[in-house]
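Q: Here is my input, please return the structure:
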Amino acid sequence: IMAHELRTPLATMNLIGEAMRHEARTATPLRREQVEHLAHRLLNLVRNMHRQIDTQITNARLLRLPPATESVSAACLLREAMAAHPFRHERERQCVELVVHSDFEFDTVRSLFLQVIDNLLRNALRALASLPEGPVPGDLRVEIEQTSHRWGCIRVIDRGIGIPPHLQARLFQPFVSSHHASGHGLGLAFCQRVVHRCGGRLRVESALGEGATFIIELPVSAASRKSTAAKSRATPIRPD
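A: Next comes the predicted model:
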């Protein structure tokens with residue numbers, strides 16, 4: 001009921017944003033740029049609010065998470081999450097760098113894990129926004145690597161302000177947040193529950209003034225392990 005009540009005014013805001021974009025086409029060049037910028041910010045806020053609502057609905061269902069039955073490529077999932085993320089401006093988008101050392105597949109619920117990546121990206125961008133000079137390309141780095149036959153790893157690395165040591169041990173508990181002004185303290189608790197549901201682990205490494213690295217360790221899917229093993233056993237055919 002609460003989600004429905006919130007989405008109704010959001011739908012109106014979305015219509016206003018689209019109307020502003022339409023009106024901008026007939027404005028003078030300077031006015032067009034100003035109106036399009038405001039419309040873009042409004043539509044981004046609407047998308048972000050819808051994501052927040054979706055996250056809160058999922059949080060209410062944390063005790064009834066569905067089993068992880070879909071095998072997905074880590075690289076494909078990360079690219080999808082980054083393409084859909086509601087960056088506040090182009091400078092934020094440009095500061096993110098995706099590095100695929102070696103791709104792997106793992107079992108998850110795609111929609112839930114997309115929310116995990118979205119949450120980690122949002123937290124990292126908040127940390128970077130606290131820097132006096134603002135984010136630059138490479139300040140937020142996402143790495144994918146299959147670390148062994150059975151395990152893969154996703155690292156979300158930011159060069160932000162870092163997390164105080166006393167918070168790190170409690171960071172994945174509900175209602176604990178390192179962003180006092182904007183965080184509700186449920187995002188990382190949700191992320192941990194989803195990662196655990198996939199049979200994985202989520203941890204953080206950080207030092208004040210040196211940024212933070214969120215590390216997701218995931219078991220490689222059984223189908224992917226069998227495929228890799230079959231390839232390694234294949235005998236190459238030598239020409240006569």
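Q: What segments of the protein are strands?
A: All strands of the chain, identified by DSSP state E, fall at 70-73, 96-100, 105-108, 140-146, 151-158, 201-206, 212-219.
Q: what pLDDT, on average, does the first one get?
A: Read that as strand 70-73. The average pLDDT within strand 70-73 is 93.
Q: Give me the sheet partners of that strand and which way each runs.
A: Using DSSP bridges, strand 70-73 pairs in its sheet with strand 105-108 (antiparallel).
Q: List of residues touching the partner strand?
A: 68-74, 77, 152, 194, 197-200, 218-221, 223-224 (Cβ atoms under 8 Å, 6 or more residues apart in numbering). For every residue, glycine as well, the C-beta is placed using N, CA and C.
Q: For PyMOL, what selects the buried ones among those residues?
A: One line in PyMOL is enough to select the buried members of the contacts of strand 105-108, burial here meaning 16 or more other Cβ atoms under 10 Å:
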select buried, resi 68+72+73+74+77+152+194+197+198+200+218+219+220+221+224
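Q: sorry, back to before: so which of the strands of the chain gets nearest P86?
A: Nearest to P86, of all the strands of the chain, is strand 96-100, at 12.9 Å by Cβ to Cβ.
Q: Please compute how far that closest one lies from its chain's middle.
A: The chain centre lies 13 Å from the centre of strand 96-100; the measure is Cα atoms, centre = their mean, to the nearest Å.
Q: And stretch 126-133, by the same measure?
A: Computed by Cα atoms, centre = their mean, the separation of stretch 126-133 from the middle of its chain amounts to 18 Å.
Q: now do stretch 202-210
A: Its chain's C-alpha centre lies 17 Å from the corresponding centre of stretch 202-210 when counted by Cα atoms, centre = their mean.
Q: try stretch 127-134
A: 19 Å.
Q: Other residues contacting that stretch?
A: Outside stretch 127-134, the residues that touch it by Cβ under 8 Å, 6+ apart are 91-92, 95, 135, 139-140, 158-162, 178, 211-212.
Q: Would you point out the most distant pair within the residues you listed?
A: The two members of those with the most space between them (Cβ to Cβ) are R91 and S178, at 22.2 Å.
Q: Which of those two has more residues huddled nearby?
A: Under the criterion of other Cβ atoms under 10 Å, the comparison of R91 against S178 puts S178 first, with 21 against 13.
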